[in-house]
Structures are given as structure tokens and as C-alpha cells.
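Q: okay, predicted coordinates and the sequence, questions at the end:
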Amino acid sequence: MQKRVIIVGGVAGGASAATRLRRLDEEMEIILVEKGEYISYANCGLPYYLGGVIPDREKLLVQTPEGMRTRYNIQVRTGEEVTRIDREKREVEIRPVNTGEPYRLHYDLLLLAPGAFPVKPVIAGAEGENVFTLRNIKDTDRIKNYIHKRLNADKRQEERPVSALVVGAGFIGLEMAENLRQAGLCVSLVEMADRVLAKNLDFEMAAILHQELRAEGVSLYLSAALHRIERDTDGSWGVLADGRRIPADLVVLGVGVRPDTSLAAEAGLELGETGGIKVNENFQTSDPHIYAVGDAIEVTNSITGQAALLPLAGPANRQGRLVANALAGRMVKYEGVIGVSVAKVFAMTAGSVGLTEEDLRRKETPYFSTIIHSFSNATYYPDSSPLSIKLNFSPDGKILGAQVVGYKGVDKRLDVLATAIKLGGEVSALSSLELAYAPPYSSAKDPVNIAGYVAGNILSQDVEVCHWYELTRRDRINSIILDVREEGERQAGFIEDSQHIPLSKLRRKISELPKDKEVIVYCHVGLRAYIAARILKQHGFFVKNLNGGYLTWRTATEEQRISGR
């Protein structure tokens, strides 16, 4: 007897599952129900269409209902919504979105892939015609039309928005800020946290992006909350909780998403502690005939073993492929997620995997952390650019998380680090990795290798580190700060109260330093300071190297000054 599988939701997880399932079973009846007009579209590309980077809207449509029918023999029902699950009869109620009567279909197996919906905070004025969220192609079309073809009240004179206010500095918020600038608007970005990408980057790494955003003309309002949106004779304004008013002809709310679990909850399926649909390692829900994947499900963080939500396209697509195996009767064991993510921020790229330092402090997990500033490729080759890596690792050497920010080669290093974490790697493995090298692409010692070397030095107790945020809390009576850079570098700026002995003169002047005090040594990025620390330690000093050097300290403290933190 032919088995019928009904899939609810036709974007990343649902479409991936449908096509994989057909490849596994030619006889199975597969029905995909999607309440929207489109299936399998590139929602990650939507901001870039708004900015004109992707000029052709049709390029966003990865697959069409007709293509699914002709190539895969899958019934695709767009513009129809599954409104109820009758678990006892194994039936779903389907209602056409626009016209028509609801009807019911029997299923042998049901796959839920409803995704997530944008959070729309309760803000006065948020229902205005100039306020948008971005989740699908319909949202994109509305914003595009508003930017490029807006009529005033008398319907005669065309006027376009000049200013844009983006609320939320996560992935969507940053991508929208960039692409609205690309579209010619003056952009303000409001974020409640003290930094952009707060769930992915620690403060000193995010501060590098803040510099880039401001350089590109984005006005940053950090540690700030939008209180209301109002209109007057002079235009539209976003009003912050502290009373500041920001021009806002166009407002995009990008404060996050929530799993769409209403259908599952109404059917009595178990939800997890995070609010997502609870599934086992086969993606099976509490009902053995119902499976779920994508943004709506609760996953397991394979580093911590704790429940998590991860609304990203990559995991949803992989889950779709795996759940198809399960639906076809094959063995499946989903190993959870490590949270790999990357974002383009104008000319820069920022990415992260695993746990941030803030995560580790909150969980009270013992850890070490190191920051290196290297280059994307050999500095003697044209167009090399700065690249920063932060590595968090356990006292026994297990890699717990990494962050990478730079202009070139960020995704390459992030993928290497993610692979190392996925395979249970330790920091010692990073120094021994054999990675591709030629001057246009890397250095003989790749930045990933260098991160491994530095972490290894900490674990072997060859050096101890002091973090930038610890300097203000140091015991000023029983410690000194030592600058080992050259005189010209010091003239361009230095840490207050620091003494100065260039590395080249340190051995000759070592007697000038007190042995009864802790010595915190720094250079520009940490390499010369490490050499100095080794010299001093072997002469009986208690010494620490400033993690990330003067560059990290200056970037972070300057950001604190600007933001008034």
C-alpha cells in the first residue's frame, strides 16, 4: 500500500526533506503544503535583493512548485495552510489562504517544518505603514516598494524615504543596515545590548565591527531601547527610552524570531524547555507518526549538552535531509549543533562557533581565552588585511568556542575551527594542522596555527595572560604595566601608567624592574610581549601578557568611551 507523507512548510527544512525523500522512495506519495506563495526560496538573500546586490528577484527562487512537480513528482500546495492536526485519525485540516473551503487529508507520516516568525515588540506606533519585519519574499516586496515607490497623501507626488531605523543588531539587523545604506538611505541601528551580534561575539571582537559600521555612515545606538515610533509634521521618528529622537522614514524591526509552534502545541505535541518542538535524535516528536525539523524545533548544543534554539538555514537544510532518511525507514542519529554562523558587515566579515566568553562566565565554566591579531595572507603579498581570532578553551585543552573578524579569509578560518570543534578537537590539534599555503591565501603559519600555538603556551604555563577588562581592576600597588614597543609606537598612544622599555633593551634594563610586583607586559598584538614575558619569567619575575595586546585594549576601551559604557 502506498504511504502518504504530508510536509507542512516548504522552505529550507521542508523542501530539503521532500526532495531527499523522493530520491529515497519513488513510490511514496509526498504532499508539501506551504501557506505562502513561494517555496524553497533563499531567505538569507532577501536583504541583498533590497540593497541591489542581487538585482534579479527571480534568483531568490531556488525551486518552484512546478519544478517540484515535474522533477520530483511532489504535490505542492502553495497558498494553503494546515490549521489543525487530528492525531487520533491521523488527518490534517487544510484551509486555502484566500478562498475556498477547508478540507482534510489523511497522513501516514507528518513532517512539521513551519519555521519561525519575527518578533514584533510591543511599541507604540509599530503598526504604522512605514514599519516592517523581514522574513519572506512578501515582506521583501513590501519594503522594496516602499523604498522605491512611495506616494504622498494626494497620490500625485512621489516621495522616497531618506532615513531608515533598524531595530536589533543581530544577523538580519546588520544585513538590513548594510543594504539600506547600499540603497542610499541614512541608517541608524538601535540595539539593547552593548554590542552588535551580542549572542555571537564578545565585546572586544564586536568593537571591531562597530568601527566598520561607523566608518560606513551607520549611526549606532547601543545599550538603547526603542520606546515608540511617532509622526509629526516634520516626518517620522523613533524615540528611545532616554528621549533621544532618531529620523525614521522607514523602520525595520529585526529583534529576533520565535519558533512557530502553534500548530504543534494545539495538537498536544510536547514542547521543550526553550519553547521549540521537542524531538529525539530521529526528529520524531512525542507522537511517533509526526516529525519536525528546522527553526521550530529544539536542538541540543553538542558542546554543552543543553537544549537550544538555532534558527539558521544551514542546520535546517541538513535536518531536512536527515529526517527524510528517518521517514524512509533508515537509521538516523542527529548529533546536535555547535552554532556556526557568519555575517557580512560591509567590507568586513564576522563569524563565530561554539561558546563566547560571556556564555562561559554565565555558565561558570572554567576556561582560558586568547586573542590573536594576524593577517589574511602573507604581508609581502599585495592586499593582505588584518584578521583577528579569539579562542576559548577548557583547562584540559578542549576547544569551546571561536570568533573570527576581518576583511579576507574569515570564513575559511572559521570553517577550520568549526570542523575541529565538531570532531572534538583540542587546541593542540590546531598547531599541528597542515593547511593550504601560498602567499595570496595565507602565511606559512596560518592564523589558525598561531591561535593554537598561543593557546598551547597558556596550557603549558609558558605564559599567563591578563585580559583588557582586568587592567582597571588590577592591584596598582603590587603590579606594574610594561610597554615593550618601540618609541615611535608609544608616541602614537599608550596605556596610562605604563612604564616603557623596548624589547630590544629589556635584557640590559631588566634590573630596573621590581621583582616583588606583578608585571603586565604588552606590545601591539602580543608577540613581542610574549618574548618579553618569557625573558622575565626566566629571570624570576611574576609576569602576564596582555591578551591581544595594545590593539585589543585600545579598540575595546575606545568603544567604551564612545558608547559611554
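A: In hand now; what should we look at? Numbering: from 1, shown residues only.
Q: who does the residue minimising distance to the centre of the chain bridge with?
A: Nearest to the mean C-alpha position of the chain, by C-alpha atoms, centre = their mean, lies Ser341 at 4.5 Å. Under DSSP bridges, the beta-bridge partners of Ser341 are Ser352.
Q: mind listing what it touches?
A: Applying C-beta atoms under 8 Å, 6 or more residues apart in numbering, we find Ser341 in contact with 171, 200, 312, 351-353. The C-beta positions use only the backbone N, C-alpha and C, and glycine is treated the same way.
Q: got it, and Ser163?
A: Per C-beta under 8 Å, 6+ apart, neighbours of Ser163: 185-188, 235, 246-250.
Q: which of those residues lies closest to Val345?
A: Val187 (12.5 Å; C-beta to C-beta).
Q: per-residue pLDDT of Gly564, please?
A: For Gly564, the model assigns a pLDDT of 72.
Q: for Phe368, see how far away it is.
A: Gly564 is 31 Å from Phe368, where distance means C-beta to C-beta, to the nearest Å.
Q: can you pull the buried residues of stretch 185-205?
A: Within stretch 185-205, the residues that count as buried by 16 or more other C-beta atoms under 10 Å are 185-198, 200-205.
Q: let me see the ranges of the strands in the stretch 101-250 of the chain.
A: 103-106, 109-112, 116-118, 131-132, 163-167, 186-191, 219-222, 226-232, 235-240, 245-247, 250-253 (DSSP state E, counting those that start in this stretch).
Q: closest to Gly540 out of these?
A: strand 219-222 (44.3 Å).
Q: in the contacts of Ser163, find the pair that's most separated.
A: Maximum distance among the contacts of Ser163 (C-beta to C-beta): 15.5 Å, for Val187 and Gly235.
Q: so Val323 sits against Leu112, correct?
A: No: in this structure Val323 lies outside contact range of Leu112 using C-beta atoms under 8 Å: 10.1 Å.
Q: what is in contact with the two at once?
A: Jointly contacting Val323 and Leu112 under the rule C-beta under 8 Å, 6+ apart are 291, 293.
Q: so where's the stretch 51-200 of the chain uncertain?
A: For the stretch 51-200 of the chain, the stretches with pLDDT under 70 are 149-158.
Q: with the chain instead?
A: Applying pLDDT under 70 to the chain flags residues 1, 149-158, 565.
Q: swap in 50 and give it another go.
A: 151-152, 155 (pLDDT under 50).
Q: the more surrounded of Gly564 and Phe368?
A: For Gly564 versus Phe368, neighbours defined as other C-beta atoms under 10 Å are more numerous around Phe368 (20 against 7).
Q: ok, that one to Gln461 distance?
A: From Phe368 to Gln461 the distance is 11 Å (C-beta to C-beta).
Q: circling back: quick one: which of the strands of the stretch 101-250 of the chain is nearest Ile39?
A: Ranked by C-beta to C-beta, the member of these that lies closest to Ile39 is strand 109-112, at 14.1 Å.
Q: can you tell me the strand partners of that closest one and which way each runs?
A: With DSSP bridges as the test, strand 109-112 pairs up with strand 4-8 (parallel), strand 290-292 (parallel).
Q: give me the next element, helix or strand, following the shortest one.
A: Think strand 290-292. strand 299-300 (DSSP states H and E).
Q: cool, and the first one?
A: Under the assignment DSSP H and E, the closest C-terminal helix or strand after strand 4-8 is helix 12-24.
Q: all the strands of the stretch 351-500 of the chain, in order from the start?
A: 368-375, 386-393, 399-406, 464-466, 479-483, 498-500.
Q: related to what we said a few turns ago, dump the strands of the stretch 101-250 of the chain to JSON lines, plus distance to Gly276.
A: Shown next, in JSON lines, are these (distance: least, C-beta to C-beta, whole Å):
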{"stretch": "strand 103-106", "distance to Gly276": "25"}
{"stretch": "strand 109-112", "distance to Gly276": "11"}
{"stretch": "strand 116-118", "distance to Gly276": "9"}
{"stretch": "strand 131-132", "distance to Gly276": "25"}
{"stretch": "strand 163-167", "distance to Gly276": "24"}
{"stretch": "strand 186-191", "distance to Gly276": "24"}
{"stretch": "strand 219-222", "distance to Gly276": "29"}
{"stretch": "strand 226-232", "distance to Gly276": "27"}
{"stretch": "strand 235-240", "distance to Gly276": "31"}
{"stretch": "strand 245-247", "distance to Gly276": "34"}
{"stretch": "strand 250-253", "distance to Gly276": "22"}
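Q: tell me which of these sits nearest to Glu281.
A: That would be strand 109-112 among those, by C-beta to C-beta, at 15.9 Å.
Q: can you tell me what sits against the closest one?
A: With C-beta under 8 Å, 6+ apart, strand 109-112 has contacts from 3-9, 14, 17, 85, 90, 92, 263-264, 277, 285, 289-293, 296, 323, 327.
Q: buried members of those residues into PyMOL, please.
A: This is how PyMOL selects the buried members of the contacts of strand 109-112, with burial counted by 16+ other C-beta under 10 Å:
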select buried, resi 4+5+6+7+8+9+14+17+85+90+92+263+264+277+285+290+291+292+293+296+323+327
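Q: could you pull out the buried residues of stretch 423-430?
A: Within stretch 423-430, the residues that count as buried by 16+ other C-beta under 10 Å are 425-428, 430.
Q: name the element Gly67 belongs to?
A: Using DSSP H and E, Gly67 sits in helix 65-72.
Q: surely Lys144 meets Leu50?
A: Yes: in this structure, Lys144 is within contact of Leu50 by C-beta under 8 Å, at 5.8 Å.
Q: so for these two, which sits in the more crowded spot?
A: Leu50 (24 against 16).
Q: how about Arg4, what does it touch?
A: 28-31, 105-109.
Q: can we see that at 6 Å?
A: Residues near Arg4 by C-beta atoms under 6 Å, 6 or more residues apart in numbering: 29, 107-108.
Q: tell me how many other residues surround the residue nearest to it when sequence neighbours are not counted.
A: Distance criterion C-beta to C-beta, 6 or more residues apart in numbering; nearest residue to Arg4, sequence neighbours excluded, is Glu29 at 4.4 Å. A total of 15 residues lie near Glu29 under the criterion other C-beta under 10 Å.
Q: from Ala350, how far off is Glu29?
A: For Glu29 relative to Ala350 (C-beta to C-beta), the value is 45 Å.
Q: what of Gln499?
A: 35 Å.
Q: name the SS class of the closest residue to Gly540 other than its chain neighbours, please.
A: Of all residues beyond its chain neighbours, the one nearest Gly540 is Lys515 (5.9 Å), with distances taken as C-beta to C-beta, 6+ apart. For Lys515, the assignment made with DSSP: H, G, I helix; E, B strand; the rest coil gives coil.
Q: is it correct that Ala292 is in contact with Asn280?
A: No: using C-beta atoms under 6 Å, Ala292 makes no contact with Asn280, being 10.4 Å away.
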